[in-house]
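Have a look; sequence and predicted model below, questions after that.
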Amino acid sequence: MSPYVIALPILAIVAALLGALLNSPSRIGAAGERLVARWLAKNLPPEEYRIVNDLILPHRDRTTQIDHVVLSRFGIAVIETKTMSGWIFGDGTEGRWTQVIYGRKYRMQNPLHQNALHVRALCRLLGIPAANVDSFVVFMGSARPKTAMPPAVAWGARALGQRIRARREPVFTDAQLAAFEARLRAPDLASTRATQRAHVLGVKATLKDRAEAVQRCPECGAPLVQRMPRSGGTGFLGCSTFPKCRGTRPLAPPPVRPTVRPAAGADTPPADADSHGTILPNP
Ligand SMILES: [Zn+2]
């Protein structure tokens with residue numbers, strides 16, 4: 001057999017693996033964030049705006065990751081970047097939005113809710129009122145809205161830039177801005193290998209807490225045990241303190257997944273991921 005005949009299938013496998021890697025949700029998400037960071041740096045006048053990208057902020061006993069913070073005398077913009085395709089259905093208040101792509105539906109966390117948590121973490125860190133902070137979600141990629149969206153959602157970097165520059169009322173002094181920037185650029189908030197690892201561990205711990213909550217009695221929090229109804233049929237989970245407590249749950253609780261996304265692949269773009277490929281749970 002010619003060496004080429006052996007090499008060809010191996011090459012095909014390597015190419016397929018490489019393709020999957022390049023199309024992975026985390027890679028696509030990180031590429032969208034880089035585009036936004038570059039656009040802001042190029043188009044917002046540096047004498048008026050300072051940009052800090054990719055921050056990991058303390059939040060309760062864990063951490064939360066912020067894509068971009070834009071500081072100016074006119075206020076602070078906290079920006080969450082979504083790199084997606086397809087049609088997006090949602091509004092300002094719903095907890096879940098829907099992405100429709102190639103006729104299939106995927107549920108996602110309302111990114112405005114996700115970013116509201118980022119705003120709270122930033123306000124607490126800097127000791128400033130939320131009134132001086134704007135929350136923006138910017139969609140990069142080919143995704144388009146199919147429902148009326150609140151103005152805090154921008155489609156493309158240019159629209160985001162326009163929204164940021166719309167604020168013209170000074171609310172911060174230069175001294176305050178310098179202090180904010182110094183705090184945000186401190187090494188403990190930078191997205192390093194160590195802080196990222198801690199962040200991902202925190203996300204996993206939150207998901208585990210939720211999974212464990214599902215294993216407990218919804219009425220009193222005691223452990224659940226599997227029970228069979230006397231009449232036969234399918235079993236259920238009942239409170240271990242029965243008959244003191246009559247709390248139950250159906251068997252096989254639905255999997256605890258905050259965001260459903262399709263598998264990454266050549267013709268199924270990912271629904272969403274944050275820059276590190278982890279899915280962030282609701283606050
Ligand atoms: Zn109970």
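Here it is on my side, so go on.

going forward, measure contacts between C-alpha atoms and count neighbours the same way
Will do.

Could you pull out the strands in the stretch 1-150 of the chain for me?
All strands of the stretch 1-150 of the chain, identified by DSSP state E, counting those that start in this stretch, fall at 50-59, 62-72, 75-83, 87-89, 96-101, 104-109, 133-140, 144-145.

just so I know, which of those lies nearest residue 163?
strand 133-140 (8.6 Å; C-alpha to C-alpha).

Would you mind listing the outside residues contacting that closest one?
32, 75-84, 111-112, 115-116, 119, 123, 152-157, 160 (C-alpha atoms under 8 Å, 6 or more residues apart in numbering).

which among those residues are in contact with the ion?
Checked against the ion using C-alpha under 5 Å from the ion, the contacts of strand 133-140 give no members in range.

Now render the strands of the stretch 1-150 of the chain as JSON lines, adding mean pLDDT and distance to residue 223.
Converted to JSON lines, those look like this (pLDDT from 0 to 100; distance: least, C-alpha to C-alpha, whole Å):
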{"stretch": "strand 50-59", "mean pLDDT": "91", "distance to residue 223": "29"}
{"stretch": "strand 62-72", "mean pLDDT": "93", "distance to residue 223": "26"}
{"stretch": "strand 75-83", "mean pLDDT": "97", "distance to residue 223": "38"}
{"stretch": "strand 87-89", "mean pLDDT": "95", "distance to residue 223": "39"}
{"stretch": "strand 96-101", "mean pLDDT": "93", "distance to residue 223": "30"}
{"stretch": "strand 104-109", "mean pLDDT": "91", "distance to residue 223": "29"}
{"stretch": "strand 133-140", "mean pLDDT": "97", "distance to residue 223": "40"}
{"stretch": "strand 144-145", "mean pLDDT": "94", "distance to residue 223": "44"}
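
What is the distance between stretch 164-178 and the centre of its chain?
Distance of stretch 164-178 from the chain centroid (C-alpha atoms, centre = their mean, to the nearest Å) equals 27 Å.

mind checking the end-to-end distance for it?
End-to-end span of stretch 164-178 (C-alpha to C-alpha, to the nearest Å): 19 Å.

Identify each buried residue in that stretch, please.
Across stretch 164-178, burial judged by 16 or more other C-alpha atoms under 10 Å covers 164, 177.

Ok, stretch 217-224 next?
Of the residues in stretch 217-224, those buried (16+ other C-alpha under 10 Å) are 217, 218, 222, 223, 224.

and this protein, which residues reach the ion?
By C-alpha under 5 Å from the ion, the residues of the chain that approach the ion are 217, 219, 220, 239, 245, 247.

Next, the last one: phi, psi?
For residue 247, the backbone dihedrals are phi -60, psi 140 (criterion: degrees, to the nearest 10).

now swap in the third one and tell me
Main-chain torsions, residue 220, degrees, to the nearest 10: phi -130, psi -10.

Is it correct that it is in contact with residue 247?
Yes - counting by C-alpha atoms under 8 Å, residue 220 does reach residue 247; the two are 7.5 Å apart.

now do the same end-to-end measure for stretch 155-174.
31 Å.

That should have said stretch 37-53, apologies.
End-to-end span of stretch 37-53 (C-alpha to C-alpha): 7 Å.

I'd like the distance from that stretch to the chain centre, please.
Using C-alpha atoms, centre = their mean, the offset of stretch 37-53 from its chain centre is 22 Å.

do the same with stretch 140-148
17 Å.

could you dump it to CSV, C-alpha only?
Written as CSV, here are the backbone C-alpha positions of stretch 140-148 (Å, rounded to 0.1, in the frame of the first residue of the first chain):
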residue,chain,number,x,y,z
MET,A,140,-21.9,39.8,17.3
GLY,A,141,-22.2,37.3,14.5
SER,A,142,-25.2,36.9,12.2
ALA,A,143,-27.9,36.7,14.8
ARG,A,144,-30.9,39.0,14.3
PRO,A,145,-33.8,39.9,16.6
LYS,A,146,-37.3,38.6,15.8
THR,A,147,-39.0,40.4,18.6
ALA,A,148,-38.8,44.0,19.8
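
List the buried residues of that stretch.
Under 16+ other C-alpha under 10 Å, the buried positions of stretch 140-148 are 140, 141, 143, 144, 145.

Then stretch 90-110?
Buried, per 16+ other C-alpha under 10 Å, within stretch 90-110: 90-92, 96-101, 105-110.
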